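Engineer: could you look at this predicted model? Sequence included:
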Amino acid sequence: MLVAQQRKRLGQPECALFIVSRYRSERAEGYDAREAAARANGTAGSAVVFAALTVVIALAGLAMVKLPILTAMGLAAAGAVVVAVLVATTLVPALLGFAGERVRGKARKQTAPEADAAKPDRTGLGQRWISYVLRKPAKVLLLAVVALGVIALPAAKLELGLPDDGSKATSSTQRKAYDMLSQSFGPGFNGPLTVTVDDQDPAVARSGAADMGKSLADLPAVAAVTPAAFNPAADTAIPLLRRESPPSDGEGIRS
């Protein structure tokens, strides 16, 4: 959800607007169009590239799940972000350099001293916060570290992986069916593990599947092992292993 929101956000023209706003500020300082465009791209453009890089890394991280559909979605979205940033940092500054005074709108009628004189002389909350940070950086840093630690506390109980029907609302039909199967056949019935045994010699595959089934049944936390199902060539077998615990408990099976 968070990655999708970030992708949607970078798909909008905020990147270009950020550079245009910086360009207008540089023009108000008295720089010509070409110089203002270069300075805007060197300052605001750098921030846009850094922000986009973090989103690209997050989207590419979907490949760690090792699901083809999520990998394709993440890489495609990352490519879209890269294209948006390239347009914002190449085409937009070039257009600003050609546009000249037309980008400034009404502000082009005022010189830099006149614009400064027209601004009200007042100190807002943002300015007071900046002054406080500059006066007491150690306290602000300590406060930020404590706040980040409090925000990160839920990560101690973070469960990775895709949710199953056991995480749905108790009133849903999927959850009711999940609970009924768990009560009737055991908690591990909803999440069987698939084991594969293959060999070019069908006889070896059959004996290996039988030995594998006996070995798996002797492991702790294993409730049952179903008989292996063979393919038509009889060189590949697939026994199913059912655990004693539910699939979402986070506990593995160790020999």
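Structural biologist: Nice, thanks for sending it over. What you see is a predicted model; the values in this text were computed from it and never measured.
Engineer: what pLDDT does the model give residue 21?
Structural biologist: Predicted confidence (pLDDT) for residue 21: 85.
Engineer: for residue 91, list the residues it contacts.
Structural biologist: Going by Cβ atoms under 8 Å, 6 or more residues apart in numbering, residue 91 touches no other residue. Using the backbone N, CA and C atoms, a C-beta is placed for each residue, glycine as well.
Engineer: number the chain from 891, please
Structural biologist: Shifting the count to begin at 891 puts that one at residue 981.
Engineer: how much space separates it from residue 934?
Structural biologist: As judged by Cβ to Cβ, to the nearest Å, residue 981 and residue 934 stand 15 Å apart.
Engineer: also residue 1038?
Structural biologist: For residue 1038, the distance to residue 934 (Cβ to Cβ) stands at 26 Å.
Engineer: could you dump whichever strand or helix holds residue 966 to CSV, C-alpha only?
Structural biologist: Following DSSP states H and E, one finds residue 966 within helix 958-976. Included here for helix 958-976 are C-alpha records, laid out as CSV according to Å, rounded to 0.1, in the frame of the first residue of the first chain:
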residue,chain,number,x,y,z
PRO,A,958,6.6,-13.0,-10.6
ILE,A,959,3.5,-10.7,-10.7
LEU,A,960,4.8,-8.6,-7.8
THR,A,961,8.3,-8.4,-9.4
ALA,A,962,6.9,-7.3,-12.7
MET,A,963,4.7,-4.7,-11.0
GLY,A,964,7.5,-3.3,-9.0
LEU,A,965,10.0,-3.1,-11.8
ALA,A,966,7.4,-1.5,-14.2
ALA,A,967,6.5,1.1,-11.6
ALA,A,968,10.2,1.8,-10.9
GLY,A,969,10.8,2.3,-14.6
ALA,A,970,7.9,4.8,-14.7
VAL,A,971,9.4,6.7,-11.8
VAL,A,972,12.8,6.8,-13.6
VAL,A,973,11.1,8.2,-16.7
ALA,A,974,9.2,10.8,-14.7
VAL,A,975,12.4,12.0,-13.0
LEU,A,976,14.3,12.1,-16.3
